[in-house]
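J.: Sequence first, predicted model second:
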Amino acid sequence: MTKLGTIKNSNILLLQSPIGNFFNELADFLSVSNNKVFSLILNGGDLFYSNNKRKVIYTDSIDNFSNFILDFFRLRNIKYIFLFGDTRLYHEKAIKIAKTLGIVVYVFEEGYLRPHFVTLEKNGVNNLSTYFKNIDLSKLNYSEDYSEIINKDNKLKYVFRITIFKTFIYYLMLFLYSFKFKNYIHHREKSLYYNIKYFIKGSFKYIYFKYIESNKIKSFCNNNTFFFVPLQLDFDSQVQKHSKYDNIEEFLDEIIKSFKLNSLQNDKLLIKLHPYSLGYKDYELFLNKLVAKYDLKERVFYIRTGDVGFIIKKSKGVVTINSTVGLSTLYHKKPLKIMGDSIYDIIDISDNKHIDMFWKEPCVGNFKLIENFLLEIFYKSQFKGSFYKDNTINLRRY
(Lines give C-alpha, C1' and ligand atoms only; values in the text may rest on other atoms or scores of the structure.)
Protein backbone atom coordinates (compact mmCIF):
# COMPACT_ATOMS: atom_id res chain seq x y z
CA MET A 1 0.00 0.00 0.00
CA THR A 2 1.21 3.51 -0.83
CA LYS A 3 2.22 5.43 2.29
CA LEU A 4 0.04 8.53 2.55
CA GLY A 5 3.07 10.55 3.54
CA THR A 6 4.62 9.86 0.11
CA ILE A 7 1.76 11.58 -1.72
CA LYS A 8 3.23 14.97 -2.59
CA ASN A 9 2.64 17.94 -4.91
CA SER A 10 -0.73 16.60 -6.07
CA ASN A 11 -4.32 17.76 -6.31
CA ILE A 12 -6.61 15.64 -4.16
CA LEU A 13 -10.38 15.47 -3.75
CA LEU A 14 -12.06 14.27 -0.55
CA LEU A 15 -15.60 13.07 -1.14
CA GLN A 16 -18.04 12.16 1.65
CA SER A 17 -16.35 11.40 4.93
CA PRO A 18 -17.23 9.47 8.06
CA ILE A 19 -19.44 11.58 10.33
CA GLY A 20 -17.24 14.00 12.25
CA ASN A 21 -13.87 15.69 11.83
CA PHE A 22 -11.68 12.91 10.48
CA PHE A 23 -11.44 14.25 6.93
CA ASN A 24 -10.29 17.60 8.36
CA GLU A 25 -7.42 15.70 10.00
CA LEU A 26 -6.75 13.91 6.69
CA ALA A 27 -6.76 17.20 4.73
CA ASP A 28 -4.32 18.78 7.19
CA PHE A 29 -2.04 15.75 7.00
CA LEU A 30 -2.01 15.68 3.19
CA SER A 31 -1.56 19.46 2.92
CA VAL A 32 1.76 19.31 4.77
CA SER A 33 3.30 17.56 1.74
CA ASN A 34 2.41 20.44 -0.60
CA ASN A 35 -0.80 18.79 -1.78
CA LYS A 36 -3.80 20.90 -2.71
CA VAL A 37 -6.80 19.26 -1.05
CA PHE A 38 -10.42 19.90 -2.05
CA SER A 39 -13.53 18.74 -0.18
CA LEU A 40 -16.79 17.91 -1.94
CA ILE A 41 -19.87 19.03 0.02
CA LEU A 42 -23.14 17.26 -0.79
CA ASN A 43 -25.33 18.11 2.21
CA GLY A 44 -25.63 20.15 5.39
CA GLY A 45 -23.90 17.54 7.53
CA ASP A 46 -20.87 17.58 5.22
CA LEU A 47 -20.89 21.37 5.28
CA PHE A 48 -21.04 21.60 9.08
CA TYR A 49 -18.13 19.26 9.75
CA SER A 50 -15.78 20.42 6.98
CA ASN A 51 -13.35 23.25 7.78
CA ASN A 52 -11.47 22.92 4.50
CA LYS A 53 -11.08 26.29 2.77
CA ARG A 54 -11.25 24.56 -0.61
CA LYS A 55 -14.86 23.41 -0.33
CA VAL A 56 -16.66 22.39 -3.49
CA ILE A 57 -20.42 22.62 -2.92
CA TYR A 58 -22.64 20.54 -5.19
CA THR A 59 -26.40 21.24 -5.15
CA ASP A 60 -27.45 20.00 -8.58
CA SER A 61 -29.31 16.73 -9.24
CA ILE A 62 -27.79 13.27 -9.17
CA ASP A 63 -28.49 13.03 -12.91
CA ASN A 64 -25.92 15.75 -13.58
CA PHE A 65 -23.35 14.55 -11.06
CA SER A 66 -21.31 12.40 -13.44
CA ASN A 67 -20.76 15.31 -15.85
CA PHE A 68 -19.93 17.60 -12.93
CA ILE A 69 -17.37 15.29 -11.37
CA LEU A 70 -15.76 14.48 -14.75
CA ASP A 71 -15.30 18.19 -15.45
CA PHE A 72 -13.99 18.80 -11.94
CA PHE A 73 -11.45 15.98 -12.18
CA ARG A 74 -10.14 17.36 -15.46
CA LEU A 75 -10.24 21.06 -14.57
CA ARG A 76 -8.45 20.60 -11.24
CA ASN A 77 -6.11 17.88 -12.51
CA ILE A 78 -7.09 15.57 -9.64
CA LYS A 79 -4.62 12.73 -9.04
CA TYR A 80 -6.14 11.09 -5.93
CA ILE A 81 -9.58 10.80 -4.37
CA PHE A 82 -10.44 9.68 -0.84
CA LEU A 83 -13.91 8.70 0.29
CA PHE A 84 -15.78 6.78 2.97
CA GLY A 85 -17.70 3.79 1.62
CA ASP A 86 -17.58 2.76 -2.02
CA THR A 87 -21.24 1.83 -2.56
CA ARG A 88 -22.89 5.20 -1.97
CA LEU A 89 -24.60 6.49 -5.09
CA TYR A 90 -22.38 9.54 -5.57
CA HIS A 91 -19.25 7.56 -4.75
CA GLU A 92 -20.01 4.78 -7.22
CA LYS A 93 -20.27 7.34 -10.00
CA ALA A 94 -17.12 9.19 -8.93
CA ILE A 95 -15.07 5.98 -8.60
CA LYS A 96 -16.12 4.75 -12.03
CA ILE A 97 -15.06 7.99 -13.71
CA ALA A 98 -11.88 8.32 -11.63
CA LYS A 99 -10.66 4.90 -12.70
CA THR A 100 -11.20 5.68 -16.38
CA LEU A 101 -8.99 8.77 -15.93
CA GLY A 102 -6.26 6.93 -14.04
CA ILE A 103 -7.01 8.71 -10.77
CA VAL A 104 -5.96 6.72 -7.69
CA VAL A 105 -8.92 5.82 -5.48
CA TYR A 106 -8.58 5.33 -1.72
CA VAL A 107 -11.57 4.04 0.22
CA PHE A 108 -12.04 4.30 3.97
CA GLU A 109 -14.44 2.01 5.82
CA GLU A 110 -15.17 0.87 9.35
CA GLY A 111 -12.47 -1.46 10.60
CA TYR A 112 -12.40 -5.05 9.45
CA LEU A 113 -10.83 -5.84 12.82
CA ARG A 114 -13.32 -4.24 15.18
CA PRO A 115 -13.55 -2.56 17.57
CA HIS A 116 -11.28 0.49 17.37
CA PHE A 117 -9.79 -0.05 13.94
CA VAL A 118 -10.48 1.70 10.66
CA THR A 119 -9.93 0.38 7.15
CA LEU A 120 -8.15 1.99 4.22
CA GLU A 121 -7.74 0.23 0.88
CA LYS A 122 -6.84 1.27 -2.62
CA ASN A 123 -9.61 0.73 -5.23
CA GLY A 124 -12.31 -0.71 -2.95
CA VAL A 125 -13.26 -2.33 0.35
CA ASN A 126 -15.19 -5.38 1.50
CA ASN A 127 -16.21 -7.50 -1.47
CA LEU A 128 -14.88 -4.82 -3.84
CA SER A 129 -11.38 -5.16 -2.42
CA THR A 130 -9.01 -5.87 -5.29
CA TYR A 131 -6.27 -6.98 -2.92
CA PHE A 132 -7.97 -9.36 -0.50
CA LYS A 133 -10.26 -10.86 -3.13
CA ASN A 134 -7.15 -12.06 -5.00
CA ILE A 135 -4.89 -12.90 -2.08
CA ASP A 136 -2.55 -15.90 -2.26
CA LEU A 137 -2.47 -17.27 1.28
CA SER A 138 0.36 -19.67 0.47
CA LYS A 139 2.76 -16.72 0.19
CA LEU A 140 2.03 -15.43 3.71
CA ASN A 141 4.31 -16.52 6.51
CA TYR A 142 4.14 -14.23 9.52
CA SER A 143 5.91 -15.23 12.71
CA GLU A 144 4.24 -12.73 15.07
CA ASP A 145 1.51 -13.54 17.57
CA TYR A 146 -1.53 -12.01 15.89
CA SER A 147 -3.58 -11.74 19.08
CA GLU A 148 -0.81 -9.78 20.81
CA ILE A 149 -0.38 -7.39 17.88
CA ILE A 150 -4.08 -6.80 17.30
CA ASN A 151 -4.88 -6.24 20.97
CA LYS A 152 -1.88 -4.03 21.79
CA ASP A 153 -2.98 -0.54 22.95
CA ASN A 154 -6.43 -1.18 21.53
CA LYS A 155 -8.55 0.68 24.06
CA LEU A 156 -10.63 3.76 23.32
CA LYS A 157 -13.16 5.15 25.77
CA TYR A 158 -16.54 6.74 25.11
CA VAL A 159 -16.47 6.11 21.34
CA PHE A 160 -20.10 4.96 21.19
CA ARG A 161 -21.34 8.05 23.03
CA ILE A 162 -19.28 10.37 20.85
CA THR A 163 -20.55 8.63 17.72
CA ILE A 164 -24.16 9.00 18.78
CA PHE A 165 -23.71 12.71 19.55
CA LYS A 166 -21.90 13.49 16.28
CA THR A 167 -24.46 11.52 14.30
CA PHE A 168 -27.27 13.49 15.91
CA ILE A 169 -25.57 16.78 14.96
CA TYR A 170 -25.00 15.51 11.42
CA TYR A 171 -28.67 14.73 10.86
CA LEU A 172 -29.70 18.00 12.48
CA MET A 173 -27.53 19.88 9.99
CA LEU A 174 -28.84 17.68 7.19
CA PHE A 175 -32.31 18.91 8.12
CA LEU A 176 -31.44 22.59 8.72
CA TYR A 177 -29.63 22.92 5.38
CA SER A 178 -32.11 20.84 3.39
CA PHE A 179 -33.34 24.01 1.64
CA LYS A 180 -29.85 24.49 0.18
CA PHE A 181 -29.27 20.85 -0.77
CA LYS A 182 -32.80 19.97 -1.87
CA ASN A 183 -31.58 17.65 -4.65
CA TYR A 184 -29.37 15.58 -2.37
CA ILE A 185 -30.10 11.84 -2.18
CA HIS A 186 -28.93 10.23 1.07
CA HIS A 187 -27.86 6.59 1.27
CA ARG A 188 -30.10 6.10 4.32
CA GLU A 189 -33.27 7.57 5.77
CA LYS A 190 -32.44 11.25 6.36
CA SER A 191 -35.55 12.48 8.16
CA LEU A 192 -34.56 14.31 11.35
CA TYR A 193 -37.69 13.09 13.16
CA TYR A 194 -37.00 9.50 12.13
CA ASN A 195 -33.42 9.59 13.37
CA ILE A 196 -34.15 11.40 16.63
CA LYS A 197 -36.84 8.84 17.34
CA TYR A 198 -34.31 6.10 16.59
CA PHE A 199 -31.70 7.55 18.95
CA ILE A 200 -34.11 7.93 21.84
CA LYS A 201 -35.86 4.62 21.34
CA GLY A 202 -32.62 2.74 20.75
CA SER A 203 -30.91 4.22 23.81
CA PHE A 204 -33.72 3.27 26.17
CA LYS A 205 -34.03 -0.21 24.68
CA TYR A 206 -30.30 -0.79 25.01
CA ILE A 207 -30.31 0.14 28.71
CA TYR A 208 -33.40 -1.97 29.36
CA PHE A 209 -32.31 -5.11 27.52
CA LYS A 210 -28.71 -4.94 28.76
CA TYR A 211 -30.10 -5.04 32.31
CA ILE A 212 -32.55 -7.91 31.80
CA GLU A 213 -30.48 -10.01 29.38
CA SER A 214 -27.01 -9.97 30.94
CA ASN A 215 -27.35 -12.93 33.33
CA LYS A 216 -29.68 -14.82 30.98
CA ILE A 217 -27.13 -14.70 28.16
CA LYS A 218 -24.32 -16.00 30.39
CA SER A 219 -26.53 -18.79 31.70
CA PHE A 220 -27.64 -19.77 28.20
CA CYS A 221 -24.11 -19.80 26.78
CA ASN A 222 -22.73 -21.81 29.67
CA ASN A 223 -25.44 -24.45 29.62
CA ASN A 224 -26.27 -25.09 25.95
CA THR A 225 -24.68 -26.18 22.68
CA PHE A 226 -25.64 -23.55 20.13
CA PHE A 227 -24.83 -21.78 16.89
CA PHE A 228 -24.58 -17.99 16.90
CA VAL A 229 -26.24 -15.81 14.24
CA PRO A 230 -25.35 -12.09 14.49
CA LEU A 231 -27.72 -9.97 12.42
CA GLN A 232 -26.73 -7.04 10.24
CA LEU A 233 -28.57 -3.85 9.38
CA ASP A 234 -31.27 -4.18 6.73
CA PHE A 235 -29.95 -1.14 4.84
CA ASP A 236 -26.27 -2.05 5.19
CA SER A 237 -24.52 -2.07 1.82
CA GLN A 238 -22.99 -5.41 2.81
CA VAL A 239 -26.50 -6.86 2.67
CA GLN A 240 -27.88 -4.81 -0.20
CA LYS A 241 -24.84 -4.91 -2.49
CA HIS A 242 -22.90 -8.01 -1.46
CA SER A 243 -25.50 -10.70 -0.81
CA LYS A 244 -28.46 -12.38 -2.46
CA TYR A 245 -30.84 -11.14 0.24
CA ASP A 246 -33.15 -8.15 -0.11
CA ASN A 247 -33.64 -8.00 3.63
CA ILE A 248 -32.80 -9.73 6.90
CA GLU A 249 -36.12 -11.58 6.96
CA GLU A 250 -35.11 -13.57 3.86
CA PHE A 251 -31.86 -14.55 5.52
CA LEU A 252 -33.59 -15.62 8.75
CA ASP A 253 -36.17 -17.71 6.90
CA GLU A 254 -33.47 -19.61 4.99
CA ILE A 255 -31.29 -20.14 8.06
CA ILE A 256 -34.05 -21.30 10.39
CA LYS A 257 -35.57 -23.64 7.82
CA SER A 258 -32.15 -25.21 7.20
CA PHE A 259 -31.52 -25.48 10.94
CA LYS A 260 -34.83 -27.25 11.44
CA LEU A 261 -34.15 -29.83 8.74
CA ASN A 262 -30.46 -30.49 9.32
CA SER A 263 -29.29 -29.69 12.85
CA LEU A 264 -28.72 -32.05 15.73
CA GLN A 265 -31.70 -32.25 18.06
CA ASN A 266 -29.87 -30.88 21.11
CA ASP A 267 -28.39 -27.89 19.30
CA LYS A 268 -29.91 -24.44 19.63
CA LEU A 269 -29.76 -21.22 17.67
CA LEU A 270 -28.89 -17.89 19.30
CA ILE A 271 -29.80 -14.88 17.16
CA LYS A 272 -28.55 -11.41 18.10
CA LEU A 273 -29.89 -8.08 16.88
CA HIS A 274 -27.38 -5.59 15.49
CA PRO A 275 -26.73 -2.92 18.16
CA TYR A 276 -27.56 -0.05 15.77
CA SER A 277 -30.86 -1.71 14.87
CA LEU A 278 -32.33 -1.35 18.35
CA GLY A 279 -34.31 1.77 17.51
CA TYR A 280 -34.94 0.99 13.87
CA LYS A 281 -36.17 -2.56 13.57
CA ASP A 282 -36.82 -5.51 15.86
CA TYR A 283 -37.29 -9.08 14.63
CA GLU A 284 -38.98 -10.65 17.64
CA LEU A 285 -42.45 -10.94 16.10
CA PHE A 286 -41.09 -12.20 12.81
CA LEU A 287 -38.94 -14.78 14.58
CA ASN A 288 -41.87 -15.94 16.68
CA LYS A 289 -43.75 -16.69 13.45
CA LEU A 290 -40.80 -18.62 12.02
CA VAL A 291 -40.37 -20.59 15.24
CA ALA A 292 -44.04 -21.56 15.12
CA LYS A 293 -43.88 -22.30 11.38
CA TYR A 294 -40.91 -24.67 11.75
CA ASP A 295 -41.86 -26.00 15.19
CA LEU A 296 -38.66 -24.87 16.90
CA LYS A 297 -39.93 -23.71 20.27
CA GLU A 298 -37.19 -23.91 22.92
CA ARG A 299 -34.52 -24.22 20.21
CA VAL A 300 -34.35 -20.67 18.79
CA PHE A 301 -33.46 -17.78 21.09
CA TYR A 302 -33.27 -14.05 20.38
CA ILE A 303 -31.22 -11.40 22.17
CA ARG A 304 -30.57 -7.70 21.64
CA THR A 305 -27.41 -7.17 23.69
CA GLY A 306 -24.46 -9.23 24.91
CA ASP A 307 -20.70 -9.57 24.61
CA VAL A 308 -20.13 -10.89 21.07
CA GLY A 309 -16.66 -12.20 21.86
CA PHE A 310 -17.94 -14.21 24.84
CA ILE A 311 -20.84 -15.62 22.80
CA ILE A 312 -18.56 -16.65 19.93
CA LYS A 313 -16.17 -18.46 22.26
CA LYS A 314 -19.04 -20.44 23.80
CA SER A 315 -20.68 -21.32 20.47
CA LYS A 316 -20.27 -24.32 18.16
CA GLY A 317 -19.92 -21.95 15.23
CA VAL A 318 -21.17 -18.74 13.64
CA VAL A 319 -23.43 -18.11 10.65
CA THR A 320 -23.47 -14.62 9.13
CA ILE A 321 -24.25 -12.96 5.82
CA ASN A 322 -20.89 -11.16 5.72
CA SER A 323 -20.58 -9.27 9.00
CA THR A 324 -17.16 -8.37 10.39
CA VAL A 325 -18.21 -10.56 13.31
CA GLY A 326 -16.93 -13.26 10.97
CA LEU A 327 -13.38 -12.00 11.45
CA SER A 328 -13.89 -12.13 15.22
CA THR A 329 -15.01 -15.72 14.74
CA LEU A 330 -11.77 -16.52 12.93
CA TYR A 331 -9.83 -14.76 15.67
CA HIS A 332 -11.47 -17.05 18.25
CA LYS A 333 -10.82 -20.11 16.04
CA LYS A 334 -14.45 -21.11 15.67
CA PRO A 335 -16.23 -22.58 12.59
CA LEU A 336 -17.62 -19.86 10.33
CA LYS A 337 -20.24 -20.07 7.59
CA ILE A 338 -20.63 -17.08 5.25
CA MET A 339 -23.94 -16.68 3.41
CA GLY A 340 -23.05 -13.63 1.33
CA ASP A 341 -20.00 -12.31 -0.51
CA SER A 342 -16.97 -11.59 1.66
CA ILE A 343 -13.20 -11.20 1.52
CA TYR A 344 -12.86 -13.98 4.10
CA ASP A 345 -15.07 -16.57 2.43
CA ILE A 346 -11.96 -18.53 1.47
CA ILE A 347 -11.23 -22.25 1.43
CA ASP A 348 -9.38 -23.25 4.62
CA ILE A 349 -10.41 -19.97 6.28
CA SER A 350 -14.19 -20.26 6.54
CA ASP A 351 -16.33 -23.38 6.14
CA ASN A 352 -17.30 -23.65 2.48
CA LYS A 353 -19.81 -26.49 2.84
CA HIS A 354 -23.48 -25.88 2.12
CA ILE A 355 -25.37 -24.51 5.12
CA ASP A 356 -27.35 -27.77 5.39
CA MET A 357 -24.11 -29.64 6.07
CA PHE A 358 -22.63 -26.97 8.32
CA TRP A 359 -25.05 -27.70 11.19
CA LYS A 360 -23.96 -31.32 11.24
CA GLU A 361 -20.21 -30.95 10.71
CA PRO A 362 -19.00 -27.40 11.40
CA CYS A 363 -15.30 -27.15 10.61
CA VAL A 364 -12.80 -24.53 11.70
CA GLY A 365 -10.22 -23.40 9.17
CA ASN A 366 -6.47 -23.90 9.15
CA PHE A 367 -5.16 -22.04 12.22
CA LYS A 368 -1.87 -20.96 10.63
CA LEU A 369 -3.59 -19.67 7.49
CA ILE A 370 -6.12 -17.79 9.62
CA GLU A 371 -3.36 -16.16 11.67
CA ASN A 372 -1.49 -15.15 8.52
CA PHE A 373 -4.68 -13.84 6.94
CA LEU A 374 -5.60 -11.72 9.97
CA LEU A 375 -2.09 -10.29 10.16
CA GLU A 376 -2.15 -9.50 6.44
CA ILE A 377 -5.43 -7.63 6.94
CA PHE A 378 -3.88 -5.74 9.83
CA TYR A 379 -0.70 -4.74 8.02
CA LYS A 380 -2.24 -4.02 4.62
CA SER A 381 -5.46 -2.22 5.52
CA GLN A 382 -5.96 -1.46 9.21
CA PHE A 383 -4.85 1.17 11.62
CA LYS A 384 -5.95 1.71 15.17
CA GLY A 385 -8.26 4.50 16.19
CA SER A 386 -11.76 5.77 15.55
CA PHE A 387 -13.22 8.03 12.88
CA TYR A 388 -15.49 9.53 15.50
CA LYS A 389 -13.06 10.29 18.34
CA ASP A 390 -10.75 13.09 17.20
CA ASN A 391 -7.01 12.62 16.80
CA THR A 392 -6.94 8.89 17.52
CA ILE A 393 -5.76 7.72 14.10
CA ASN A 394 -2.05 7.84 13.26
CA LEU A 395 -2.06 8.59 9.54
CA ARG A 396 1.72 8.38 9.43
CA ARG A 397 1.45 4.60 9.66
CA TYR A 398 0.60 4.67 5.97
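T.: That came in fine, so what should we check first? Numbering: from 1, shown residues only.
J.: From residue 344, how far off is residue 374?
T.: Distance of residue 374 to residue 344, computed by Cβ to Cβ, to the nearest Å: 9 Å. For every residue, glycine as well, the C-beta is placed using N, CA and C.
J.: so what sits against both of the two?
T.: Residues touching both residue 374 and residue 344 (Cβ atoms under 8 Å, 6 or more residues apart in numbering) are 327, 330.
J.: for the protein, what helix or strand is lowest in average pLDDT?
T.: The least trusted helix or strand in the chain, going by mean pLDDT, DSSP states H and E, turns out to be helix 146-151, with a mean of 81.
J.: Off-centre distance for it?
T.: Distance of helix 146-151 from the chain centroid (Cα atoms, centre = their mean, to the nearest Å) equals 21 Å.
J.: same check, this time on stretch 187-200
T.: The answer for stretch 187-200 is 19 Å, by Cα atoms, centre = their mean.
J.: Quick one: mean pLDDT over it.
T.: What stretch 187-200 shows for mean pLDDT is 77.
J.: how close does the closest residue to residue 47 other than its chain neighbours sit to residue 51?
T.: Leaving aside its sequence neighbours, residue 47 sits nearest to residue 41 (Cβ to Cβ, 6 or more residues apart in numbering; 5.0 Å). Per Cβ to Cβ, residue 41 is found 12 Å from residue 51.
J.: Compare these two and say which is more crowded by neighbours.
T.: A side-by-side neighbour count of residue 41 and residue 51, using other Cβ atoms under 10 Å, places residue 41 first with 24 against 12.
J.: Quick one: residues in contact with the least confident helix or strand of the chain.
T.: Helix 146-151 has contacts (Cβ under 8 Å, 6+ apart) with 113, 331, 371, 374, 375, 378.
J.: for the chain, what's the longest helix?
T.: Using DSSP state H, we find that the single longest helix of the chain is helix 192-223.
J.: Quick check: buried residues in the least confident helix or strand of the chain?
T.: 146, 150 (16 or more other Cβ atoms under 10 Å).
J.: what does stretch 244-261 give?
T.: Using 16+ other Cβ under 10 Å as the test for burial, stretch 244-261 gives 245, 248, 249, 251, 252, 253, 255, 256, 257, 258, 259, 260.
J.: average model confidence for that stretch?
T.: For stretch 244-261, mean pLDDT rounds to 97.
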